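Trainee: Fold the following and give me the result.
(2 chains)
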Amino acid sequence: MSTVALQGELLLIADFTIAGLTHFLNAGEPPCLPASVAPFDQVVPILVDSTAACWKSRPDFALVWTRPQAAIKSFARVLDHEAVAMEELLADVDGFAECLREAAKRVSALFVPTWTYPGYDRGLGVLNLRPPIGPAYCLMRMNARLAEAVAGDATIRLVDAGRWLLQAGPGASSPKLWHLGKIAFGPEVFRHAAADLKAAVRALRGQARKLVVLDLDDTLWGGTVGDIGWPNLNLGGHNPVGESFSAFQRALKRLGNRGIVLAIVSKNTEALALEAIDRHPDMVLRRADFAGWRINWNDKVENIIDLTAELNLGLNSVVFIDDNPAERARVREALPDVLVPEWPTDKLRYEQTLAELTCFDTFTLTEEDHTRTRMYVAERDRKTARESAQSLDAYLAMLGLRVTVERLSRSNVTRVAQLLNKTNQLNLTTRRLTEARYLQWAETEGRDVFAFRVSDRFDDYGLTGIASLSVDGPVGEVSDFLLSCRVLGRSVEQTMLHVIAEYARSLGLARLVATYIPTERNAPCKQFFDQQSAFARSEDGLRYVWELPDPYPLPRHVDLQYTADAPAGASRPPVLS
Amino acid sequence: MNDVPTRDEIVKTVIDSLGVVVPDLVSANADTYLVGPDAVLDSVGFVTLLIALEENLGDAVDLSASFLEQSDIEEAADPFSTVGSLADHIIGLLSKR
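Mentor: Residues are numbered from 1 along each chain as shown, chains lettered A, B, ... in the order given. The predicted structure is shown next:
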């Protein structure tokens, strides 16, 4: 099976001395990124020549960091205050982008820091941003053009070097460093660059944090609600501390809008705390912004375990934020997988501390991300319905589950790749592939990828399942079989098996084979396959074989639909009633 | 005349600067080599260290200029070879101000 390991080497390609960055890639937050340095100042030849020696080790990632006056010759003339037409500048940028796209074919991800120039260079002063002569204006246009030119390539990501320079301050660049060693940036710039690169690699590996568990008193608002009552909480109003709590809540709300789920674990009386959330006029976050809560007097460690289980998330998805150092220490010690950031005693710094966390980065953002909290709220309603239903069967029938099958395409590949790289529990093979690599894999003859969208009367879950098939003679090998934990246990997994089995039968295949690759977290997938009595198991229990003349029934309460183009292949599977 | 920091203070400043330039360095002391076959950093790192030290010392000494001079005259006792010898060299430069 073709698998790309997203844990290999990073190739550093630059037109300045970049070796200093390697120390920062080896230090600090995980992962350590082993890096090799391409020959100095050979950027374009290396980008376009796949046979260059530095590509021989087949690096997984590459960083292409250039100075604008070196990469774009016409910009060097702008810095010399010559008249240069914008069309010429942008054409040069397009040419450079073409070289980047060529190099991107060789890696899982290509990172390109934006172009900057030293902060000490005042350029044309007050004319610096004046079109068309201002160097700062030209640089803004060049960066924007580069971002647009590579936006269609799923492998290339521009990264914001301007922020690194701002963070690094006056030591960001120094003429002395340049003249003594052709070093364009100081160590602080490399430190910030390494942090962003590591966050991007964690995102590619599906290791981004997905859930923020929050304390309430002196974390979301000022004061103890049980002592002073919700009208007297320090929140909003016209004082710096109250405003800083509001700003912190707005920052959390922004996280929610990009797919990070919020929850509460607080030692409080639940009714009092919920009353504050519902009634305080300056609360930015309301009940609907939280996927769940445990507001009681129990140990927070137990509450976090309980809550993450309810939300079907792993503890390594969790960030725990609490103003109380004793609670932080307790959670850090008992739950080492949970990220517990040090939290400032200065409440005016809460928003900044949250904004500085690098654990939420994702390689893509999809429609599903924007609606994730809403999905969890719908799940709460669903749970209530289940508790009132007389049987599991009655509950499933009441859900009105609809599963829609579509083929892998350029329009859904971003979400498909995201799911492929994030799903851990019901995942047969846990392959991690970028969008480009997955499309490339699927384009080979004899391979089909099915994507599954799920909805019910409470909500639309979006695209939550993937199954792929590789045909080799009379045998169909299930290469991927994965389903988001949000819809586990509702017969969607049986529906997926039905779809691929029917498709394989329509192709006239003799048997279906699924090979389970164990990881630390995908035991639920093995349990599911073990429960399928029609499958014969190999001696080691890892390989499942199903003789295909037998149909795999569609669960009777599922409404199965196919989009017009689904699935790809010789024939379309029948819709069973 | 300004007070010249103690040798221990300067050694600490050098080690702190070394940590900024080579964050993956496990430990360092006055005997840690900065140049030569046993050095904990390469030539690029060494140059960066000198500039970082100049910043940490408030630009009170021009270490890079001093280094370029030393390279020319090839002194027997290289003042840049270890953390300790560099600290002594910095104290010498500060004393001459």
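Trainee: List, one by one, the residues from chain B near chain A.
Mentor: Within reach of chain A by CB under 8 Å from any CB of the partner chain, chain B has these residues: B:20-25, B:42-45, B:47-48, B:50-52, B:54-55, B:64. C-betas here are computed from N, CA, C, even on glycine.
Trainee: again, 10 Å this time
Mentor: Residues of chain B found near chain A (CB under 10 Å from any CB of the partner chain) are B:17, B:19-25, B:41-52, B:54-56, B:62-65, B:67-68.
Trainee: And the residue most central in space within chain B, how far from chain A?
Mentor: Centroid-nearest residue in chain B, with CA atoms, centre = their mean: B:Leu86, separated by 4.1 Å. As for B:Leu86, its distance to chain A is 16 Å (criterion: CB to the nearest CB, to the nearest Å).
Trainee: Show the buried residues in the residues of chain B next to chain A.
Mentor: Neighbour counting by 16 or more other CB atoms under 10 Å in any protein chain shown classes B:17, B:19-23, B:25, B:41, B:44-52, B:54-55, B:63-64, B:67 among the residues of chain B next to chain A as buried.
Trainee: Which helix or strand in chain A has the lowest average pLDDT?
Mentor: helix A:367-370 (a mean of 78; mean pLDDT, DSSP states H and E).
Trainee: list the buried ones in that one?
Mentor: A:Glu368, A:Asp369.
Trainee: got the buried residues for the helix or strand hosting A:Ser244?
Mentor: Per DSSP states H and E, A:Ser244 falls inside helix A:240-257. With burial defined by 16+ other CB under 10 Å, the residues of helix A:240-257 counted as buried are A:241-249, A:251-252, A:255-256.
Trainee: again with stretch A:347-359
Mentor: For stretch A:347-359, by 16+ other CB under 10 Å, it's A:Lys347, A:Tyr350, A:Glu351, A:Thr353, A:Leu354, A:Leu357, A:Cys359.
Trainee: That stretch and chain B, are they touching?
Mentor: No. Residues of stretch A:347-359 contacting chain B under CB under 10 Å from any CB: none, with a closest distance of 15.9 Å.
Trainee: on that earlier part again, and the next helix or strand past the helix holding A:Ser244?
Mentor: strand A:261-267.
Trainee: Pull out the CA atoms of that following strand and give them to me as CSV.
Mentor: The C-alpha trace of strand A:261-267 is given here as CSV (Å, rounded to 0.1, in the frame of the first residue of the first chain):
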residue,chain,number,x,y,z
VAL,A,261,-14.9,23.2,20.2
LEU,A,262,-15.4,24.9,23.6
ALA,A,263,-16.5,23.2,26.8
ILE,A,264,-16.6,24.0,30.5
VAL,A,265,-15.2,22.1,33.5
SER,A,266,-15.8,24.2,36.6
LYS,A,267,-16.2,23.7,40.3
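Trainee: Could you name the helices and strands sitting against that strand?
Mentor: Counting by 3 or more CB pairs under 10 Å, 6 or more residues apart in numbering or on different chains; DSSP states H and E, the packing neighbours recorded for strand A:261-267 are strand A:211-214, helix A:240-257, helix A:270-279, strand A:290-296, helix A:300-310, strand A:318-321, helix A:325-334, helix A:372-388.
Trainee: same for the fourth one, what does it pack against?
Mentor: Meaning strand A:290-296. Looks like strand A:290-296 contacts strand A:211-214, helix A:240-257, strand A:261-267, helix A:270-279, helix A:300-310, helix A:372-388 (3+ CB pairs under 10 Å, 6+ apart).
Trainee: Which strands or helices does the longest one pack on?
Mentor: Where contact means 3+ CB pairs under 10 Å, 6+ apart, helix A:240-257 is packed against strand A:211-214, strand A:261-267, strand A:290-296, strand A:318-321, helix A:350-356, helix A:367-370, helix A:372-388.
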